[in-house]
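> This is a predicted model, with the sequence first.
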Amino acid sequence: MTDLLTLRDAHVVHKARTGGLFTRDRVFALTGADLTIAAGETVGVVGESGCGKSTLAKVLVGVQRPTQGTVELRGKDLWTMPPAARRQAVGTGTGMIFQDPSTALNRRLTVRQILRDPLDVHRRGTPAQREARVRELMSLVGLPKVLADALPGQLSGGQRQRVAIARALALEPELVVADEPTSALDVSVRAQILNLLLDLKERLGLALVFVSHDIQTVRRMSDRVITMYLGKIVEESPAAEITDAARHPYTRALFSATPGLLDPIEPIPLIGPVPSATRPPSGCPFRTRCWKATDECARTMPDFATNGAGAAHRYRCHHPVAAGETTRELVSQAKDSA
Ligand SMILES: Nc1ncnc2c1ncn2[C@@H]1O[C@H](COP(=O)(O)OP(=O)(O)OP(=O)(O)O)[C@@H](O)[C@H]1O
C-alpha cells in the first residue's frame, strides 16, 4: 500500500478557553502524533471525550495547523506550501464529514447548490459537467433526484448526512475523515449511513479515517485502530487484535468498559478521573489511572514498541499487558492494586 498522508511529531496547543481573558493556561490537545495513512485503508480512532480525536481529524484534513510537526499529503508538506496551493491540495485530496449535518450544511443553500459549490470553487469542468456531477453525486449517496432543490431543513437527518457525504466526495478525494458521522442521527438510520460509508470506500478505493465513541462500530469499520489518551497516540493495532490482544493497559480498559463487547466480564476499574489536558501528568499521561504504573512511568513516556516481528501493532507503555493475558486477569490485577 502507498502512503497517502503522514503526520510527524504533530502537536496542537490551544490557549485555554477557561481562566479569563489573560490566562496563560494552554491545552495540550495533541502531543507528538506520528501517523501514516495508506491509500485505501480505514483507520479508526478511539479514546475518551477530550483526548484529541477531533483535533487529530482536523489536522489530517488541513483545517487545523499543528503548532509543531509536519503534515504531508502525498509527500508534500501542507504547511510549507503557499496558502493557495494548500487549499488546492487539501480541497481536492481530502474530504471531511462532521458529526452534525444540521450545522455543517449551509441552511440557505439547496442540495444542488451545496454540491456545486466545491466544483465551482475548484473550477471543475464546464457548467454542464458540474450539473452532471451533482446528479452523479446524489445517486452515489442514494439521494433521489427530486431532492436537488430542497433545503437542508426540508430533509431528514439521514438525508442531510448523505448530502454532507456527497459534498465531501465532490472533488474525488483519496482521503475522507469522518468525525463521529452518526452520533447526531437517529439510531434507526445510523446503520444505513455506516453501510453507505463502507460501500463508498470499497467502490471508490478511499482511505477513511473514522473517529467515534462507538468502539464496536470502529472495530467493525476499520482495518486499523488507534487509541488516544490525553493528546497522545498510545496504541495502533490491526482491528482484529484490538479487543483481546491490545497491549496498552488503557486500550484494554477502554474496551472492557464497552457494553456488550466482552460481557459478562466486568470493566477494568481505573483510578480517578482523566487528568486535565491543561496540566497533563509527566511521563506517561495514563500513569495516574493505571494499575501497572511505576516510578519509571512518571519519568518518561516510552517510544513505540512493536508486537512481535510485525510493525503493524505498536504501543507506548513501560509495562504492557503480556501476550495472552486475559481481561479477567487484568480486572483482578487492577482490583488488587487499588
Ligand atoms: N479551540 C480550542 N480552544 C481551546 N481548547 C480546545 C479547542 N479545541 C479543543 N480544545 C481542547 O482540546 C482537547 C482535545 O479536544 P478534542 O475535541 O480534539 O477531543 P475529542 O477527543 O474529539 O473529544 P470529544 O470526543 O468530546 O469530541 C480538549 O481538552 C478540548 O477541550
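Structure's in. What do you need?
> Tell me the buried residues in the longest helix belonging to the chain?
Criterion DSSP state H: the longest helix present in the chain is helix 187-204. Buried residues in helix 187-204, defined by neighbour count with 16 or more other CB atoms under 10 Å: 189-190, 193-194, 196-197, 200-201. (C-beta placed from N, C-alpha, C; glycine too.)
> so which of the residues you listed would you say is closest to A38?
Of all the buried residues of helix 187-204, K201 has the smallest distance to A38: 13.1 Å, by CB to CB.
> For that closest one, give me its contacts.
42, 176, 208 (CB atoms under 8 Å, 6 or more residues apart in numbering).
> Check the second one and give its pLDDT.
Yep, that's V176 we're talking about. Note for V176: predicted pLDDT of 97.
> Check the one 10 residues further on too.
Per-residue confidence for D186 comes out at a pLDDT of 90.
> how close does it get to the ligand?
The gap separating D186 from the ligand is 20 Å, by CB to the nearest ligand atom, to the nearest Å.
> and the nearest residue to that residue once chain neighbours are set aside, how far is that from the ligand?
Nearest non-adjacent residue to D186, counting by CB to CB, 6 or more residues apart in numbering: G157, 6.1 Å away. Applying CB to the nearest ligand atom, the value for G157 to the ligand is 19 Å.
> since we're on G157, how many residues are nearby?
18 (other CB atoms under 10 Å).
> got it, and R107?
9.
> Which residue lies nearest the spatial centre of the chain?
V211 (3.2 Å; CA atoms, centre = their mean).
> wouldn't that one be in contact with S183 here?
No: distance between V211 and S183: 9.8 Å, which falls outside the contact criterion (CB atoms under 8 Å).
> picking up where we left off before, could I get the buried residues of helix 187-204 in a markdown table, plus columns for pLDDT?
Putting the buried residues of helix 187-204 into a markdown table (pLDDT from 0 to 100) gives the following:
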| residue | pLDDT |
| --- | --- |
| V189 | 93 |
| R190 | 93 |
| I193 | 95 |
| L194 | 94 |
| L196 | 96 |
| L197 | 95 |
| L200 | 96 |
| K201 | 94 |
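> out of those, who's nearest the ligand?
The ligand lies nearest to R190 out of those, by CB to the nearest ligand atom, at 16.8 Å.
> circling back to that earlier point, after the longest helix of the chain, which helix or strand is next? Please name it.
Downstream of helix 187-204, the first helix or strand assigned by DSSP states H and E is strand 207-211.
> does that next one come close to the ligand?
No: counting by CB under 6 Å from any ligand atom, the ligand has no neighbours in strand 207-211; the shortest distance is 6.9 Å.
> what residues does that strand touch?
Taking CB under 8 Å, 6+ apart as the rule, strand 207-211 contacts 4-5, 37-45, 53-54, 56-57, 60, 174-181, 197, 201, 218, 221-222.
> Please pick the buried ones from these.
Buried among the contacts of strand 207-211 (16+ other CB under 10 Å): 4-5, 37, 40-45, 53-54, 56-57, 60, 174-181, 197, 201, 218, 221-222.
> restrict these to contacts with the ligand.
Contacts with the ligand are made by 53-54 out of the buried ones among the contacts of strand 207-211, judged by CB under 6 Å from any ligand atom.
> Mind checking which of the buried ones among the contacts of strand 207-211 land in strands?
4-5, 37, 42-45, 175-179 (DSSP state E).
> ok, these vs the ligand, which is closest?
Closest to the ligand, out of all of these and judged by CB to the nearest ligand atom, is D179, at 7.4 Å.
> The closest one is in contact with V59, isn't it?
No: in terms of CB under 8 Å, D179 does not count as a neighbour of V59; the distance is 11.7 Å.
> mind listing the helices for this protein?
Under DSSP H, the chain gives helices at 53-60, 83-93, 101-104, 111-121, 127-140, 157-169, 187-204, 215-221, 242-245, 249-256, 295-299, 327-337.
> So, low pLDDT: which residues of the chain?
1, 18-23, 263-264, 308-310 (pLDDT under 70).
> okay, now the domains of it?
The record, using automatic domain parsing to delimit domains, assigns the chain the ranges 39-66+83-222, 245-337.
> Can you tell me which of those is packed in deepest?
Highest mean neighbour count among those (mean count of other CB atoms under 10 Å): domain 39-66+83-222, with a mean of 18.
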